[in-house]
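Asks: just need the structure, nothing else, for what follows:
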Amino acid sequence: MPQQLTTLTAQIMDWANRQDWPPALVQGFISMAEQKFNAELRVDRMLNFATNIVTCRCSTLPDDWLEMYLVNISNENGANGYLPIRYKSNDEFFNLTDCWAYGYYTIVGRVITFGGTPDLTEATSYTINYYGEVPPLNDTTDSWLYTKYPTLYLFGSLIHSNLYSLGEEDKAANMKQLVEDTIAKLNNDHLKSKASGSRVTRSAVRSFG
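Replies: Sure thing, here's the model as predicted:
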């Protein structure tokens, strides 16, 4: 059994030197850390895939959806039966000359709205790649975030345990900076890796004279 939640709970108690804290309190710190990860962390292991159909231009996003990565809609002209479509902000989308113009989508709340004429009979299928929430840590299944970056989970939880302890606010600030630096590095590494297989192109240099 993974027992990752129990292990991290014990680690936090050791680091804080507070064996008297009930596990439920410490696990609350862990949940607060996960809230920060969901708000700020965007790495490849958070990417999920979902497929659905839309009949009246609108569809509900997955419950764990955080941010869109790629949207494809069914189209016979696509190499695999789908073509990518682009995001437009709400004000742009709903103020187009044809506000349901094909090839675009927008998001309001947790509802995605598609441009183009809807197929009320057969419906239209679409796929999305999106950043999903970090699965809550538990004792029965492995967490990729805890397995790959255990210190991120530990220090992220210690931010809140230090805020809970009187006189430990300076430690909380230090942990917060450390966690945010780590998140920024991981996000930047993810952005670089997306283009790591691309050929390097050089701009032509014009000669004068």
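Asks: for the rest of this, base every contact and every neighbour count on C-alpha atoms.
Replies: Will do.
Asks: now the residue most central in space within the chain, what's its secondary structure?
Replies: The C-alpha lying nearest the average C-alpha coordinate of the chain belongs to residue 131 (C-alpha atoms, centre = their mean; 3.4 Å). When the structure is reduced to helix, strand and coil (DSSP: H, G, I helix; E, B strand; the rest coil), residue 131 reads as strand.
Asks: same check on residue 77?
Replies: Reduced to three states by three-state DSSP, residue 77 is coil.
Asks: scan the protein for its longest helix.
Replies: Of all the segments of type helix in the chain, defined by DSSP state H, the longest one is helix 169-194.
Asks: show me which residues of that one are buried.
Replies: 169, 172, 175-176, 178-180, 182-183, 186-187, 190 (16 or more other C-alpha atoms under 10 Å).
Asks: and for stretch 93-112?
Replies: Along stretch 93-112, the positions that meet the burial threshold by neighbour count (16+ other C-alpha under 10 Å) are 93, 100, 103-107, 112.
Asks: same question, stretch 41-48
Replies: Neighbour count says stretch 41-48 has 41-44, 46-48 buried, by 16+ other C-alpha under 10 Å.
Asks: closest one of those to residue 150?
Replies: Each of the buried residues of stretch 41-48 was checked against residue 150 using C-alpha to C-alpha; the closest is residue 41, at 14.6 Å.
Asks: need the per-residue pLDDT for residue 123.
Replies: According to the per-residue confidence, residue 123 scores 84 in pLDDT.
Asks: repeat that for residue 110.
Replies: 94.
Asks: and it, what does it touch?
Replies: 60-61 (C-alpha atoms under 8 Å, 6 or more residues apart in numbering).
Asks: tell me how far it lies from residue 65.
Replies: Distance, residue 110 to residue 65, by C-alpha to C-alpha, to the nearest Å: 8 Å.
Asks: which parts of this protein are helices?
Replies: Chain-ordered helices for the chain, with DSSP H as the definition, fall at 4-16, 23-40, 90-93, 144-148, 150-164, 169-194.
Asks: need the nearest residue in space to residue 49, chain neighbours excluded.
Replies: residue 129 (4.7 Å; C-alpha to C-alpha, 6 or more residues apart in numbering).
Asks: surely that neighbour touches residue 46?
Replies: No - with contacts defined as C-alpha atoms under 8 Å, residue 129 does not count as touching residue 46, sitting 10.0 Å away.
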